[in-house]
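Enquirer: sequence and predicted structure are below.
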Amino acid sequence: MSATTELTKVIVITETHFEAEMLNHFRELGIKGFTCMNCWGQGHHQVYDEPFIGHSQTRIEIITTEPIADAIVDYCRQPRYEAHAVTAYLESVRVRDANKFIA
């Protein structure tokens, strides 16, 4: 079996209009890549529909180092997002080629 490295996956679920702003900041923090998916759901905040784009939220997944992952979660917890549907959480993942995920 090939050796693996433990990294951290950050999952950010945010209102669609914050996507570009957040991704720009995450790049500044040092992420190498990301995956975005349209999503919708209900939680602490009320669900709403975006009439022109068909989805109200975006799910962003990033595999990175623990310090960068922690910085992303801290960014998502800032006061300006408290009144919005923004959440972030972490998962431990094992990858075979860490260089694909970290700079």
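Expert: Great, that's in hand.
Enquirer: buried ones in the strand ranked longest in the chain?
Expert: Secondary structure of the chain per DSSP state E: the longest strand is strand 5-15. If you call a residue buried by 16 or more other Cβ atoms under 10 Å, then strand 5-15 has these buried ones: 7-15. Backbone N, C-alpha and C define where each C-beta goes, glycine included.
Enquirer: tell me how far residue 39 lies from residue 15.
Expert: Distance of residue 39 to residue 15, computed by Cβ to Cβ, to the nearest Å: 11 Å.
Enquirer: ugh, typo on my part, it should be residue 81
Expert: To residue 15, residue 81 is 9 Å away according to Cβ to Cβ.
Enquirer: can you report how many residues neighbour residue 93?
Expert: 13 (other Cβ atoms under 10 Å).
Enquirer: and whichever helix or strand it is part of, what does it pack against?
Expert: According to DSSP states H and E, residue 93 maps onto strand 87-95. Packing contacts for strand 87-95, counted by 3 or more Cβ pairs under 8 Å, 6 or more residues apart in numbering; DSSP states H and E, involve strand 5-15, helix 66-76.
Enquirer: report all helices and strands that the first one contacts.
Expert: Just to be clear, that refers to strand 5-15. Packed next to strand 5-15, using 3+ Cβ pairs under 8 Å, 6+ apart, are strand 57-64, helix 66-76, strand 87-95.
Enquirer: rewinding a little: return the set of buried residues in the strand holding residue 93.
Expert: Neighbour-count burial for strand 87-95 [16+ other Cβ under 10 Å]: 87-88.
Enquirer: give the partner strands of that strand in its sheet and their orientations.
Expert: Here strand 87-95 has these sheet partners by DSSP bridges: strand 5-15 (antiparallel).
Enquirer: and the strand it pairs with, average pLDDT?
Expert: For strand 5-15, mean pLDDT rounds to 96.
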